[in-house]
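Engineer: Give me coordinates for this.
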Amino acid sequence: MSQPDPAPDSPNETAPSTYQGDPWHAYGYIVSGVFLYGFLGWLADRWLGTSFLVAIGILLGAGLGIYLTIKRFDALPDWRGKNRAPAPDVDEK
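Structural biologist: Down below sits the predicted model:
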């Protein structure tokens, strides 16, 4: 007979290091960033009488949405080096 599967809380089972989430989260971050910052750029254009801030807002929103998506799915290393491999030991002579 085969052995039963280990319990999910068993220490033999390793948890994946990356977040496995719904791809609609990524879509939502990017689209909402474009709409929110595009709208803020449109409002600033109306207030200041310019015509270029809506384009800057859309680009900024897309960039921030992509950044949040990458950060959410844990694809970027932490600034403290959380996801980085340890540095090799170097002997100084």
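
Engineer: What distance do you get for Gly41 to Ile66?
Structural biologist: From Gly41 across to Ile66, the span is 17 Å (Cβ to Cβ, to the nearest Å). (Each C-beta comes from the backbone N, C-alpha and C, glycine too.)

Engineer: Which one of these two is surrounded by more residues?
Structural biologist: Counted by other Cβ atoms under 10 Å, Gly41 and Ile66 do not tie: Gly41 has more neighbours, with 21 against 14.

Engineer: elements contacting the helix ranked longest in the chain?
Structural biologist: Across the chain, the helix with the greatest residue count (assigned by DSSP state H) is helix 23-48. Under the contact definition 3 or more Cβ pairs under 8 Å, 6 or more residues apart in numbering; DSSP states H and E, helix 23-48 sits against helix 53-72.

Engineer: what's the average pLDDT for the helix it packs on?
Structural biologist: On average, the pLDDT along helix 53-72 is 93.

Engineer: what does it contact?
Structural biologist: Outside of helix 53-72, the residues within contact range by Cβ atoms under 8 Å, 6 or more residues apart in numbering are 19, 21, 25-26, 29-42, 44-45, 76.

Engineer: at 10 Å instead, please
Structural biologist: Residues from elsewhere that reach helix 53-72 (Cβ atoms under 10 Å, 6 or more residues apart in numbering): 19, 21, 23, 25-47, 50, 75-76, 78.
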